[in-house]
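In: Kindly return the folded structure for what I paste below:
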Amino acid sequence: MDTIHDIFTRFDPKGKKLLSIVLPVYNEEACLPIMLDSLTKYLSESQKNYNWEIIFIDDFSKDSSFSILTEYSKKNFENVRIAALQLSKNSGSHIAITAGLNISRADFTIIMASDGQDPPEVIDTLLKHWETGEKIILAARAENLDHSFVGNLFSKTAWKIMNWATGIEMPAGGCDMLGVDKLPLEAFN
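Out: Okay, here's the model as predicted:
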């Protein structure tokens, strides 16, 4: 099996900037094939100006998510490479995201959900902000499909407390997608 280093060192950048997408995965076998096809099609057709490394971090799923990702990672696209890694135990999405951020070698890295709630077209909006010089870009869904009314209420309350405690203005419903430039990502890592 290839290591992540093997996968990405074979990637010939041809003068294009390298961008990463980090996706934490946990028990997503039902939606992964649709999301994978949608994301790779969008990147290979609409985002040809960049090379992409897509880093899936499986949080020790109990279903066949990791097998689906491993098989899909064997496909080759002109400007997209895929790596699937699995944590040795279930550790939560924040640990999975952090592992992906530590692996990213990109000029710009995007964190998005692997369940299909984040449409690939939002990537274009994040890129436009990054190309104007913004270093950290937060995006929020208009509607969160996996939260109940009570869950949304608790989430909004938590984000209001976060805004008050940090003095950083976060989206009202929290942050669902994040784009980060290489400079702050290196500082984080």
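
In: contacts, neighbours, all on C-alpha from now
Out: Fine.

In: All the strands of the chain, residue numbers only.
Out: Counting by DSSP state E, the chain has strands at residues 17-25, 50-58, 80-86, 108-111, 136-139, 177-181.

In: CA atoms only: put the last one into CSV for me.
Out: As requested, C-alpha coordinates have been extracted for strand 177-181 and formatted as CSV (Å, rounded to 0.1, in the frame of the first residue of the first chain):
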residue,chain,number,x,y,z
MET,A,177,-16.2,24.9,6.3
LEU,A,178,-12.8,26.5,6.8
GLY,A,179,-10.1,27.6,4.4
VAL,A,180,-6.6,28.4,5.8
ASP,A,181,-3.5,29.7,4.1
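
In: what helices or strands is that strand leaning on?
Out: strand 108-111, helix 122-131, strand 136-139 (3 or more Cα pairs under 8 Å, 6 or more residues apart in numbering; DSSP states H and E).

In: Walk me through which strands the first one pairs with, and which way each runs.
Out: Translated: strand 108-111. Partner strands for strand 108-111, per DSSP bridges, with pairing direction: strand 17-25 (parallel), strand 177-181 (antiparallel).

In: Output those strands in a markdown table, with mean neighbour count appended to each entry.
Out: What follows is those, written out as a markdown table (neighbours: other Cα atoms under 10 Å):
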| stretch | mean neighbour count |
| --- | --- |
| strand 17-25 | 23 |
| strand 177-181 | 20 |
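
In: Now render the ones you listed as TSV, adding distance to residue 123.
Out: As requested, these are arranged in TSV below (distance: least, Cα to Cα, whole Å):
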stretch	distance to residue 123
strand 17-25	10
strand 177-181	9
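
In: Ok, which of those strands comes nearest residue 114?
Out: Closest to residue 114 of these is strand 17-25 (Cα to Cα; 5.6 Å).

In: Next up, phi/psi of residue 90, please.
Out: phi -70, psi 120 (degrees, to the nearest 10).

In: hang on, the earlier thing: which of the helices and strands packed on strand 177-181 has the highest mean neighbour count?
Out: strand 108-111 (a mean of 24; mean count of other Cα atoms under 10 Å).

In: what's next to that one, contact-wise?
Out: Strand 108-111 has contacts (Cα atoms under 8 Å, 6 or more residues apart in numbering) with 18-23, 97, 101, 123, 130, 177-182.

In: swap in stretch 64-76?
Out: The contact list for stretch 64-76 (Cα under 8 Å, 6+ apart) reads 25-29, 32-33, 56, 58, 81-86.
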